[in-house]
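Asks: Sharing a model that was predicted from the sequence below.
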Amino acid sequence: AFQRTNPGSRLGAVRTAVALASGHFGASPSCEDKALKLVMNVLYARSEDLANAVVESAIAELKVASDYAVENYSKIQKANKEAAEKETANEHTPKAPFAAESDEEKAAMDKVRKPAVLFMALCIRRPEIIKTLFALSSVPKADVLSKAVRQQMPKLARAAGTKHGAAEIALKVADMASPAETPLLLALLDNLAPLGEKGIPPQEFIDACFEIQEKKKTGDAKDARFLIPVVSAMLREDLIKRLPEFIEADDSIFMAALVKMGERLGRHALLFREEPESDNPTLKGLTGCEQLVYLHKLDFQAAGLPQKRYLDAIRLCLDNEEIFTDSLVMSALDHMSGVFLTGAEKLPLAFMRTIILVCSKHESLHSWICHTLLPRLVEGKIYEDRRQWEGWMRCAKILESTSGSGVSSADAINQLPPEQLALYQARYGGT
């Protein structure tokens, strides 16, 4: 490799070393590890010509891995399907992100991982070749290579971000990435985000994500996925303004954004926080309680959202009972009804619809609804709002005689003024 008088032999030696480090010859792990160190620490560092030869050889090895992934795509998909069917029949075992789904896929990932790891190590020194990494990993049906690359993405992001700056790397790669390479770009952004102090994305990186989203938009449509890596570090007031962007995205993107917004606020999930200084907002992220409150308060018409999508977004939250637990839902409803009682705000459009849905989903909240919420709404004169009043009556009827539970809305109904009580009894045949 060091014989300058014989370029052919020199290039051949470099290619051999790179192929060995990439697992091409099936050598022992010890031998492959030594080859990797030779390539990265000696050959690449020796001269620019040798460095170029190393990169050229690494591209060739990555191309072989990409072709292998494509050729074995159908076989891997079949094996994964069979493994999934067996798992369905037996007890489900949780898997790590990007874990192989079958023995066939595991063997393939082991084969393509070595050239990918070598190439990603070179990407740290030459960020511009990340374009080649993304391109070859995004070839149609090269799924196993893409999976192996995403599995190693935290190491690439951490090293490249530390060496070159997270925001700089994000913008550089985004400019190079094609639409087909967006999943890999998103994976990179997600792993670059925690490189700030205490794992919090710095404002510079947040601004970079905004810039990337703007550059990648199609017409006027912006892709909300580019902001998900940084939503936990965004100001709450900015998140509220951008909620419509997440709502109009796919269900999975919308829910992923909500999870990320509350990622650093787990202990405060049930709280609706007040800004220490209203004219100088400092609160970041959105607690689970705040998410439900602001979703309800959203002016969907002004945001250009169909009413159905607005209501569906709230339903999606209620359906995800693992995150939006009965306690969390109660805290949000308690806050909204409490503000209503003060006269500061009207009840959000979907408020009573949500209460009725909650009645069917959270029996544990029936008592609180009957003895606290419904009476509070009567005290706030909910009957002066025709739409909300109709919802109140429907909810009261649902809970008026809940057989066997010992919980009833009868006391709340009897707290109605005479005129409204007569209307309720005429409409629903009160008992």
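Replies: Perfect, I can see it now.
Asks: Phi first, then psi, for Lys284.
Replies: phi -120, psi 150 (degrees, to the nearest 10).
Asks: List the contacts of it.
Replies: 232-236, 264 (CB atoms under 8 Å, 6 or more residues apart in numbering). C-beta here means a position set from N, CA and C on the backbone, and glycine is covered the same way.
Asks: Show me where this structure dips below the pLDDT cut-off.
Replies: For the chain, applying pLDDT under 70 flags the ranges 1-8, 89-94, 402-405, 430-431.
Asks: Nearest to the spatial middle of it, which residue is it?
Replies: When the chain is reduced to its mean C-alpha position, the nearest residue by CA atoms, centre = their mean turns out to be Ala256, at 3.2 Å.
Asks: where does that residue sit relative to Gly199, distance-wise?
Replies: 18 Å (CB to CB, to the nearest Å).
Asks: Could you do Leu341 as well?
Replies: Applying CB to CB, the value for Leu341 to Gly199 is 40 Å.
Asks: Looking at those two, which one has more neighbours?
Replies: Set Leu341 next to Gly199 and count neighbours by other CB atoms under 10 Å: Leu341 wins out with 14 against 11.
Asks: which ones are touching the more buried one?
Replies: Taking CB under 8 Å, 6+ apart as the definition, contacts of Leu341 comprise 376, 379-380.
Asks: residues near Ala96, how many?
Replies: That count, for Ala96 with other CB under 10 Å as the rule, works out to 7.
Asks: now Gly429
Replies: 9.
Asks: any idea how far Glu400 is from it?
Replies: Relative to Glu400, and taking CB to CB, Gly429 is found at 10 Å.
Asks: likewise Arg46?
Replies: 84 Å.
Asks: and the two? which has more neighbours close in?
Replies: Using other CB under 10 Å as the criterion, Arg46 and Glu400 rank with Glu400 on top: 18 against 14.
Asks: Skipping adjacent residues, who's closest to Ala167 in space?
Replies: Once flanking residues are discounted, Ala167 sits nearest to Ala208: 4.1 Å by CB to CB, 6 or more residues apart in numbering.
Asks: The one you found is in what secondary structure piece?
Replies: helix 203-215 (DSSP states H and E).
Asks: heading toward the C-terminus, what's the first helix or strand past that helix?
Replies: Past helix 203-215, the next helix or strand by DSSP H and E is helix 236-247.
Asks: Show me what that following helix is packed against.
Replies: Packing contacts for helix 236-247, counted by 3 or more CB pairs under 8 Å, 6 or more residues apart in numbering; DSSP states H and E, involve helix 251-261, helix 288-297, helix 307-319.
Asks: Ok, which of those comes nearest Phe272?
Replies: In terms of CB to CB, the element of the helices and strands packed on helix 236-247 nearest to Phe272 is helix 288-297, at 5.1 Å.
Asks: Pull the residues that contact the closest one.
Replies: 236, 240, 243, 247, 258, 261-262, 265, 269-273, 286, 313-314, 317, 323-324, 328-329, 331-332, 335-336, 345, 348-351, 354.
Asks: quick check: angle from it to helix 307-319?
Replies: 160 degrees (axes from the mean of the first three to the mean of the last three CA atoms, to 10 degrees).
Asks: Restrict helix 288-297 to CA atoms and write it as CSV.
Replies: What follows is helix 288-297 as a C-alpha-only set of coordinates in CSV (Å, rounded to 0.1, in the frame of the first residue of the first chain):
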residue,chain,number,x,y,z
GLY,A,288,-49.9,15.2,29.0
CYS,A,289,-52.5,17.3,30.7
GLU,A,290,-51.5,20.4,28.7
GLN,A,291,-51.6,18.4,25.5
LEU,A,292,-55.3,17.4,26.1
VAL,A,293,-56.2,20.9,27.2
TYR,A,294,-54.7,22.7,24.2
LEU,A,295,-56.0,20.1,21.8
HIS,A,296,-59.5,20.8,23.1
LYS,A,297,-59.0,24.6,22.9
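Asks: what's the angle between it and helix 251-261?
Replies: Using the same axes, to 10 degrees: helix 288-297 against helix 251-261 is 130 degrees.
Asks: How far off centre is helix 288-297?
Replies: In terms of CA atoms, centre = their mean, to the nearest Å, the centre of helix 288-297 is found 18 Å from the chain centre.
Asks: and if you look at stretch 161-180?
Replies: Mean-position distance between stretch 161-180 and its chain equals 19 Å (CA atoms, centre = their mean).
Asks: For that stretch, list every residue counted as buried.
Replies: The neighbour-count check on stretch 161-180 (16 or more other CB atoms under 10 Å) flags 161, 165-174, 176-177 as buried.
Asks: who's in contact with it?
Replies: Under CB under 8 Å, 6+ apart, the answer for stretch 161-180 is 124, 127-128, 130-131, 134-135, 138, 157, 160, 184-185, 188-189, 192-193, 195-196, 201-202, 204-205, 207-209, 211-212, 215-216.
Asks: of the residues you listed, buried ones?
Replies: Using 16+ other CB under 10 Å, the buried ones in the contacts of stretch 161-180 are 124, 127, 130-131, 134-135, 138, 157, 160, 184-185, 188-189, 192-193, 195-196, 201-202, 205, 208-209, 212, 216.
Asks: Which members of those occur in strands, if any?
Replies: Among those, no residue falls in strands (DSSP state E).
Asks: Among those residues, which lie within helices?
Replies: Using DSSP state H, the members of the buried ones among the contacts of stretch 161-180 that fall within helices are 124, 130-131, 134-135, 157, 160, 184-185, 188-189, 192, 205, 208-209, 212.
Asks: Taking the residues you listed, tell me the two that lie furthest apart.
Replies: Spatial extent of those (CB to CB) is set by the pair Ala135 and Phe205 at 24.5 Å.
Asks: Check which helix or strand Pro140 maps to.
Replies: With DSSP H and E as the criterion, Pro140 is inside neither a helix nor a strand.
Asks: Tell me which residues touch the closest residue to Pro194 other than its chain neighbours, please.
Replies: Excluding its sequence neighbours, the residue lying closest to Pro194 (CB to CB, 6+ apart) is Pro201, at 7.2 Å. Contact analysis of Pro201 by CB under 8 Å, 6+ apart lists 166, 193-195, 229-230, 232-233.
Asks: how about Glu275, what does it touch?
Replies: Going by CB under 8 Å, 6+ apart, the list of residues near Glu275 reads 281-283.
Asks: so which of these comes closest to Asp251?
Replies: Taking the contacts of Glu275 together and measuring to Asp251 by CB to CB, the closest member is Leu283, at 26.7 Å.
Asks: count of residues packed around the residue lying closest to the closest one once chain neighbours are set aside?
Replies: Counting by CB to CB, 6+ apart, Leu283 lies nearest to Arg236, which is 4.3 Å off, once chain neighbours are set aside. By the measure other CB under 10 Å, the count of residues near Arg236 is 19.
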